[in-house]
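**Student:** take a look and give me a structure for this.
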Amino acid sequence: MPDRTLDKDLVLLRIVETAEAYREELPDLPEEIELTDLDSFTMVQLILNLEDKLGIVVLEKVPEFQGKTFDELADFIVETATDATGPEPR
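**Tutor:** I've put the predicted structure just below:
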């Protein structure tokens, strides 16, 4: 469970923006990128980029992800990500 609530729409937007940026670097990607178009290296780059932009930790849990769409990835991140700084001090 996340230490703070993530907005799925924001997560999905960041996923799509990041994937679109990779299209410029990887000309083999189709015009409309889907999650299944990304190789494992690019997927790791995508997750690391999201961790940085959103201040979360989720990479270690990615092997549990079974989805095939950006929408499913956004759901997975919202459900499993933890705050990069850890829980709030008590």
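**Student:** this protein: strands as residue ranges?
**Tutor:** With DSSP state E, the ranges of strands along the chain come out as 56-57, 82-83.
**Student:** same for the last one, what does it pack against?
**Tutor:** Contacting strand 82-83 under the criterion 3 or more Cβ pairs under 8 Å, 6 or more residues apart in numbering; DSSP states H and E are the following elements: strand 56-57. C-beta: built from backbone N, CA, C; applies to glycine.
**Student:** how about residues contacting stretch 24-40?
**Tutor:** With Cβ atoms under 8 Å, 6 or more residues apart in numbering as the test, stretch 24-40 has contacts from 19-20, 22-23, 42-43, 46, 67-70, 72-73.
**Student:** any of these buried? List them.
**Tutor:** A19, Y22, T42, M43, L46, F70, L73 (16 or more other Cβ atoms under 10 Å).
**Student:** helices - which of the residues you listed land there?
**Tutor:** Among those, the members falling in helices are A19, Y22, T42, M43, L46, F70, L73 (criterion: DSSP state H).
**Student:** pLDDT and distance to L10 for those - can I get that in a markdown table?
**Tutor:** Output for these, formatted as a markdown table (pLDDT from 0 to 100; distance: Cβ to Cβ, whole Å):
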| residue | pLDDT | distance to L10 |
| --- | --- | --- |
| A19 | 88 | 15 |
| Y22 | 82 | 19 |
| T42 | 89 | 21 |
| M43 | 93 | 20 |
| L46 | 94 | 15 |
| F70 | 95 | 13 |
| L73 | 96 | 13 |
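**Student:** that's all I had, so thanks and see you.
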